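Enquirer: Provided below are the primary sequence and the corresponding predicted coordinates.
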Amino acid sequence: MTIATPRVGVITFPGSLDDRDALRAVETMGGEGVALWHADHDLRNVDAVVLPGGFSYGDYLRCGAIAGHAPILDEVRTFAARGGPVLGICNGFQILCEAGLLPGALIRNASLRFVCRDAYLRVETSLTPVTSELVPGEVLQIPIKHGEGQFVATPEQLERIEHDGLVVFRYAGPGGEVSDATNPNGSLENIAGVRSAAGTVVGLMPHPEHAVDPDVGPTGGQPLFASLLASALSGAVV
Amino acid sequence: MRFAFEVLVTLKPGLADPQGKAVEASLPALGFTNVSSVHVGRHVRLDVEAPDELRARDQVGEIAHRLLSNPVIEDYRLIDAVVEPDLGSALEQPEGG
């Protein structure tokens, strides 16, 4: 008897940078990485989809704005609506917001500076495909590297995000404490990642795909990919 | 007919505008110490082929809403069309040279 290997698609857009790291992270954690192309109308029967980091279309207009209308986003929309797990990392998060699959928007860091360092994330919910194997309150060490990572939302959106428990991660300290001092970019309420109302789509600015190999740094990304692979196997897509 | 439009995209009031703040902070060094409320937006110019101005304007409005601006963080404003069909081509293909 063979155990099924979950197939996780990683979409490459013109200007994606971290697509290969995302594929490698999937394979490191025991999944099969499947390269997908932004201009195709085909998800190649994958069990989960990752939109990787980078600078799609050179960040022209707004980060993620042009990629948010890429042909494959039609398929991602349908996939998510059927319960398929979708993870957007950094530029992928920006793309999902621009595509209307996640609430809010990402603007330039309050400091005006590009930040590149490890961050501590406090897990806020287990009810997503990337946190299903985590417990709220757990703290993960994962790197951030972005110039436009300040999460903002309209007052109505923010109220709904908080009220409906759509915050997935907050920037925190090593002990899980959340304050202005632990906020690297000015994000509202220290929000580092959010989910869709249905819970199947998740976006975050930090880079879990850079944090799976103990030889090169912290491994806070491992449980996210482990959860994603488990969720992919559970076959929510019908 | 060809109609030229300009679209101005600006951050919603009250939203942090770090670019505007950076510009504002650099002004005192130039001797301008009496300037405040600096905001940076985006200006997009485009030509539309359409049977009449109303239809062209509707289309530009949709483009501004769906792509040029993000309604979560930005407002947009259309600047009146220049109803001079020759102006666009004259701008793009200057005589002589």
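Expert: Received the coordinates, thanks.

Enquirer: what's the distance between the residue nearest to residue A:213 when sequence neighbours are not counted and chain B?
Expert: Spatial nearest neighbour of residue A:213, excluding adjacent residues (C-beta to C-beta, 6 or more residues apart in numbering or on different chains): residue A:28 at 6.4 Å. The C-beta positions use only the backbone N, C-alpha and C, and glycine is treated the same way. Look at residue A:28 and chain B: by C-beta to the nearest C-beta, to the nearest Å, they are 35 Å apart.

Enquirer: So residue A:28 is in contact with residue A:210, correct?
Expert: No - at 11.5 Å, residue A:28 does not count as touching residue A:210 under the criterion of C-beta atoms under 8 Å.

Enquirer: In terms of neighbours, single out the busier of those two.
Expert: residue A:210 (24 against 16; other C-beta atoms under 10 Å in any protein chain shown).

Enquirer: In contact with that one, which residues?
Expert: A:18, A:21, A:142-143, A:217, A:221 (C-beta atoms under 8 Å, 6 or more residues apart in numbering or on different chains).

Enquirer: Write out the residues of chain B neighbouring chain A.
Expert: Chain B comes close to chain A at residues B:11, B:15-16, B:18-19, B:21-22, B:42, B:67-68, B:70, B:72-73, as judged by C-beta under 8 Å from any C-beta of the partner chain.

Enquirer: CSV please, covering the residues you listed and showing neighbour count and pLDDT.
Expert: Conversion of the residues of chain B next to chain A to CSV gives the following (neighbours: other C-beta atoms under 10 Å in any protein chain shown; pLDDT from 0 to 100):
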residue, neighbour count, pLDDT
B:11, 22, 92
B:15, 15, 82
B:16, 17, 79
B:18, 19, 82
B:19, 16, 85
B:21, 15, 89
B:22, 13, 89
B:42, 15, 94
B:67, 16, 96
B:68, 19, 97
B:70, 25, 96
B:72, 19, 93
B:73, 21, 94
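
Enquirer: Quick check: strands, which of those are part of them?
Expert: B:11, B:42 (DSSP state E).

Enquirer: So which of the residues of chain B next to chain A are in helices?
Expert: B:18-19, B:21-22 (DSSP state H).

Enquirer: So which of these is the closest to chain A?
Expert: Distance ranking of these against chain A, using C-beta to the nearest C-beta, places residue B:18 first at 4.8 Å.

Enquirer: Can you tell me how far residue B:26 is from residue A:115?
Expert: From residue B:26 across to residue A:115, the span is 22 Å (C-beta to C-beta, to the nearest Å).

Enquirer: more crowded one of those two?
Expert: Between residue B:26 and residue A:115, counted using other C-beta under 10 Å, the more crowded position is residue A:115 (16 against 11).

Enquirer: My read is that that one contacts residue A:150, right?
Expert: No - using C-beta under 8 Å, residue A:115 is not in contact with residue A:150, being 10.4 Å away.

Enquirer: joint contacts of the two?
Expert: Residues touching both residue A:115 and residue A:150 (C-beta under 8 Å, 6+ apart) are A:109, A:185.

Enquirer: quick revisit: which of the residues of chain B next to chain A sits closest to residue B:1?
Expert: Among the residues of chain B next to chain A, residue B:68 lies closest to residue B:1 (C-beta to C-beta), at 22.0 Å.

Enquirer: State the distance from the closest one to residue A:130.
Expert: Distance, residue B:68 to residue A:130, by C-beta to C-beta: 32 Å.
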